[in-house]
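Novice: Return atomic coordinates for the entry below.
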Amino acid sequence: MIAIIDYGAGNLKSIYKAVEKTGGKAVITTERDVIESADAIILPGVGAFETAIKNLGSVSDYLTRTDVPVLGICLGMQLFADESEEGGLHKGLGVIEGRVIRFPDWVGKIPHMGWNLVSAADHPLFEGVRKEYFYFVHSYYFKTDERYVIGTAEYGIVFPAAVARDNIMGVQFHPEKSGKNGLKVLENFEDMI
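Specialist: Sure thing, here's the model as predicted:
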């Protein structure tokens, strides 16, 4: 069973339905005991960093030490960082080194919104979708060391579209809004359970 953590971010039902469509079993929850008994965890994403990190509360500690697969989506991925510059400087979970920073104004319209090509590394999360289009909506990106980057995209600059460290994985795009390619990423995540 996959625990989709409800910490006040949007897209909960869309992610739930996408997991269901791929044959996975999921539950949307805020209950720590349900989260700790799950086979995998998804941190959804739409919202503000500061509010999201506060709403995680005591679950934050568990997320930094669990060994089950964890997938962060958009804001959910950004929460893995050491800190974020969104709305001031805020401490993240610190499970993947780096900082969440705003796109420079010169890249074009912000937020970055739409379909972009993702070039993915050889990683189980991207089995069968190594160079495909995914749907993005974000104004900030996760600046991290190359050793954690498993996928890149370009919007004025090349930025990390996916990161991973051990059992912790994140995608900046929205797999639940990315058609068959997004569903394949979710299937691949489920296969890691």
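Novice: Quick check: buried residues in stretch 96-107?
Specialist: Buried residues in stretch 96-107, counted by 16 or more other Cβ atoms under 10 Å: Ile96, Gly98, Arg99, Val100, Ile101, Phe103. For the C-beta atoms, the positions are set from N, CA and C on the backbone; glycine is no exception.
Novice: so what's the second one bridging to?
Specialist: By that I understand Gly98. Thr144 (DSSP bridges).
Novice: And it, how close does it get to Lys177?
Specialist: Using Cβ to Cβ, to the nearest Å, one gets 24 Å for the distance from Gly98 to Lys177.
Novice: Would you map the helices across this protein?
Specialist: Using DSSP state H, the helices of the chain run over residues 12-21, 32-37, 49-56, 59-63, 75-78, 179-191.
Novice: Any chance of CSV for those helices, columns mean neighbour count and distance to Arg130?
Specialist: Converted to CSV, those look like this (neighbours: other Cβ atoms under 10 Å; distance: least, Cβ to Cβ, whole Å):
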stretch, mean neighbour count, distance to Arg130
helix 12-21, 18, 20
helix 32-37, 13, 31
helix 49-56, 18, 30
helix 59-63, 17, 28
helix 75-78, 28, 19
helix 179-191, 19, 10
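Novice: so which of these gets nearest Ala121?
Specialist: Closest approach to Ala121 among the helices of the chain (Cβ to Cβ): helix 179-191, 13.1 Å.
Novice: count of neighbours near Gly128?
Specialist: Residues lying near Gly128 (other Cβ atoms under 10 Å) number 10.
Novice: Regarding it, what are the backbone dihedral angles?
Specialist: Here the main-chain torsion angles of Gly128 (degrees, to the nearest 10) amount to phi 80, psi 0.
Novice: how about the closest residue to it other than its chain neighbours, what does it touch?
Specialist: In this structure, Gly128 finds its nearest non-sequential neighbour in Lys184, 5.6 Å apart by Cβ to Cβ, 6 or more residues apart in numbering. Contacts here follow Cβ atoms under 8 Å, 6 or more residues apart in numbering; on that basis Lys184 touches Glu127, Gly128, Val129.
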